[in-house]
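> please find the sequence and the predicted model below.
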Amino acid sequence: MGVQLSPSGNALATAQAIRDKMTELERYFPQGMSWTVPYDSSRFVKISIGKVVETLVEAVALVFLVMFLFLQNWRYTVIPTIVVPIALLGTFAVLLALGFSINVLTMFGMVLVIGIVVDDAIVVVENVERIMSEEGLSPREATRKAMGQISGAIVGITVVLISVFLPLAFFSGSVGNIYRQFAAVMGVSIAFSAFFALSLTPALCATLLKPVEAGHHHAKTGFFGGFNRGFSRTAKGYEGWLAKLLPRAGRSLVIYVAIVAAAGVVYMRLPTSFLPNEDQGTMLVNIQLPPGATQERTRAVIEQVEGFMLKQPEVQSMVGVLGFSFSGQGQNAALAFVTLKDWSERTGPGSSAQAVAGRAFGALAGVRDAFIFPLSPPPIPELGSASGFSFRLQDRGGQGFDALMAARNQMMGMASKSPVLTQVRPDGLEPAPQLQLDIDRDKAAALGVGYDSIATTLATALGSAYVNDFPNAGRLQRVVVQADAPARMQPDDLLRLTVNNAKGQVVPFAAFASTRWVVGATTATPRCASAAVRRPATARVTRWPRWKSSLLNCLQVLRLNGRASHVKKSWPARRLTSCTHSPSWRCFCVWPRCTKAGPFRCR
């Protein structure tokens, strides 16, 4: 059972709620049945936010120690320390109003903004302390005079800083979505910092600070005295070095240009990417077999993948899904979710998710019956299915499907030889044999058969159609009509289907349709980008509508001898009226358990 988080959902709360609910329902399970969570993406979210919170606490503690080292008075230090968490709380409130969430991006912005938030409060405290020391004023009077001197400077620097981060909020696309939250955190925190520097910080200064004598220079002894003397010597040395450098402006300018050029060279040589790839504690294995491969072959390949993965010391568990992958849907597709052990147990070299994926790619490349691609999840789950990038090749010249596939194979061959690319693979299932049903519009129109009737018959026979509900053994059961499996196994079975024309007469498909085998693109999953081409009077049967319902419900078949359109709603248990629509049609009823005997059989 897969659970996908809604756009406004809380990942951690949802994961915990699911675990609590499953624990509650566990006592109702049959004997010997248990549950487990083989793949949980919230693990990485939880540990990421936990690490950022630790960094946030460390940053606040470091700011406190630095302020105490330079201000050397706990009263002066505690005022900026009080302002910082209040400004951050105000930022959280604004993020909630804007519809943002607490995630790695917003918490990272919180860490960076701490140093900016505390600056305004430090400026106010230092100016008040200077006026008290030089003029001997009381804390209240010194605060009033200090705010008259620096209020304009605080407003000016706040506007400048906000103007630096505000444009990031107007970026478009995926980059804009990423930077918008970061810009909101920085801009709102800086605005709150200025607001509290003009309101809360002066009130704290007038309340907490004690008056000092005029001309008192705060001579210190011990540790602080040694620090002050060392800092003064360092400042004087820097001033002397700067005085010698200023007369040689040309030489200094050359050195500055050399530094800028070196920074540019290093910047150009650094590898670039959209977002850095991270070890999220999970891996994905995309499995694709040749077109037409059966489920048994796919299962055998999954067992080989499972055998290799579970032998790796970094792997904790693996679960495989048949019939679905990032490439598409079908018996020749599969997807495996690999959960790695906790990060604390994978501290050695080559134990990261990227390293394990690379090692598995090389080892599983020897499986001749399938293309196996171990993948590391993307940094942002909704942006693609793996790290890297996707390339779309378009047939703008109308050369046809064969020419497009030849160009794709040529491009992939060239890309595989590139030293900067790895794991080059096609996005989607390989072309597979398909049964094409050609309908002669003229013949169908002459026979009075409408296209909507043809489409409805195909959808009902090959897929299914809901009829109604009926009470049975105290339960309300659903009746679903579908052609029986033996009656839809061969191409000729399509031509044996019948459809009613405008006069109510039964017309076989063979009177206006023909079948032939073609090779074409396989229907892609909604996760993959694909293009569908519709041809007039042509229908390609690539998958059966509503087939997923047979995977989710235990359907039991009642053999009918009655016309589906004349079925009554109040049937006695296990007894239905007769039908003359087609001898090969059957009706399904959704049954909670496959234990009924008699005419019922589990599908």
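Everything's here; your move.
> name the single longest helix found in the chain.
Longest among the helix segments of the chain by residue count, using DSSP state H, is helix 104-135.
> what angle do the very next helix or strand once past that helix and helix 104-135 make?
Sequence-wise, the next helix or strand downstream of helix 104-135 (DSSP states H and E) is helix 139-165. Per axes from the mean of the first three to the mean of the last three C-alpha atoms, to 10 degrees, the angle that helix 139-165 makes with helix 104-135 is 150 degrees.
> now the next helix or strand after helix 139-165: how far from the chain's centre is it?
Later in the chain than helix 139-165, the nearest helix or strand by DSSP H and E is helix 173-198. Remark: helix 173-198 is offset 23 Å from the chain centroid, using C-alpha atoms, centre = their mean, to the nearest Å.
> what's the answer for stretch 446-456, then?
Computed by C-alpha atoms, centre = their mean, the separation of stretch 446-456 from the middle of its chain amounts to 44 Å.
> try stretch 22-37
On C-alpha atoms, centre = their mean, the centre of stretch 22-37 falls 29 Å from the chain's centre.
> same question for stretch 486-495.
Distance of stretch 486-495 from its chain centroid, counting by C-alpha atoms, centre = their mean, is 42 Å.
> pull out the buried positions in the biggest strand by length in the chain.
Counting by DSSP state E, the longest strand found in the chain is strand 329-340. The neighbour-count check on strand 329-340 (16 or more other C-beta atoms under 10 Å) flags Gln329, Gly330, Gln331, Asn332, Ala333, Ala334, Leu335, Ala336, Phe337, Val338, Thr339, Leu340 as buried. (Each C-beta comes from the backbone N, C-alpha and C, glycine too.)
> now it: mean pLDDT?
When pLDDT is averaged over strand 329-340, the result is 88.
> please apply the same query to stretch 248-257.
Across stretch 248-257, pLDDT averages out at 87.
> and stretch 520-540, by the same measure?
On average, the pLDDT along stretch 520-540 is 36.
> please apply the same query to stretch 468-481.
For stretch 468-481, the per-residue pLDDT averages 88.
> now that stretch: buried residues?
Residues of stretch 468-481 classed as buried under the neighbour-count rule (16+ other C-beta under 10 Å) are Phe470, Asn472, Gln477, Arg478, Val479, Val480, Val481.
> so the last one is in which element?
Here Val481, judged by DSSP H and E, is contained in strand 475-483.
> so what does that strand touch, helix or strand wise?
In terms of contacts (3 or more C-beta pairs under 8 Å, 6 or more residues apart in numbering; DSSP states H and E), strand 475-483 is packed against strand 465-472, strand 585-590.
> please enumerate the strands of the stretch 201-350 of the chain.
For the stretch 201-350 of the chain, the strands defined by DSSP state E, counting those that start in this stretch cover 282-288, 315-324, 329-340.
> now tabulate those in a markdown table and tack on distance to Ala415.
A markdown table is the format used below for these (distance: least, C-beta to C-beta, whole Å):
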| stretch | distance to Ala415 |
| --- | --- |
| strand 282-288 | 17 |
| strand 315-324 | 26 |
| strand 329-340 | 23 |
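> of the ones you listed, which is nearest Val118?
Set against Val118 and scored by C-beta to C-beta, the strands of the stretch 201-350 of the chain come closest in strand 282-288, at 38.0 Å.
> taking strand 315-324 as reference, get the angle to that closest one.
30 degrees.
> strand 282-288 pairs with which strands, and in what direction?
Looking at strand 282-288 with DSSP bridges, its partner strands are strand 329-340 (antiparallel), strand 371-375 (antiparallel).
> got the CA positions of the next helix or strand after the first one in CSV?
Spelled out, it's strand 329-340. Reading on from strand 329-340 to the C-terminus, the next helix or strand found by DSSP H and E is helix 353-364. Extracted in CSV, the C-alpha atoms of helix 353-364 (Å, rounded to 0.1, in the frame of the first residue of the first chain):
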residue,chain,number,x,y,z
ALA,A,353,23.8,5.9,-1.3
GLN,A,354,25.6,7.2,-4.4
ALA,A,355,28.5,4.8,-3.9
VAL,A,356,26.2,1.8,-3.4
ALA,A,357,24.2,2.8,-6.5
GLY,A,358,27.4,2.9,-8.5
ARG,A,359,28.6,-0.4,-7.2
ALA,A,360,25.2,-2.0,-7.9
PHE,A,361,25.1,-0.6,-11.4
GLY,A,362,28.4,-2.2,-12.3
ALA,A,363,27.5,-5.6,-10.7
LEU,A,364,23.9,-5.8,-12.2
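> neighbours of the closest residue to Thr55 other than its chain neighbours, how many?
What sits nearest to Thr55 in space, not counting adjacent residues and going by C-beta to C-beta, 6 or more residues apart in numbering, is Val111, at 5.3 Å. Neighbour count of Val111, defined by other C-beta atoms under 10 Å: 17.
> before we move on, what about Pro7?
Pro7 has 7 nearby residues by other C-beta under 10 Å.
> hmm, back to that, wait, doesn't the residue nearest to Thr55 sit right on Val53?
No. Taking contacts as C-beta atoms under 8 Å, Val111 lies outside contact range of Val53: 9.6 Å.
> Phe223 and Pro80, how far apart?
Distance of Phe223 to Pro80, computed by C-beta to C-beta, to the nearest Å: 21 Å.
> more crowded one of the two?
More crowded of Phe223 and Pro80, by other C-beta under 10 Å: Pro80, with 25 against 10.
> how far does the helix or strand containing that one sit from its chain's centre?
Counting by DSSP H and E, the element that carries Pro80 is helix 74-98. With C-alpha atoms, centre = their mean as the basis, helix 74-98 stands 31 Å off its chain's centre.
> for that helix, buried residues please.
Across helix 74-98, burial judged by 16+ other C-beta under 10 Å covers 76-84, 87-88, 90-92, 94-95.
> and Ala511, how many residues sit next to it?
Using other C-beta under 10 Å, Ala511 is surrounded by 16 other residues.
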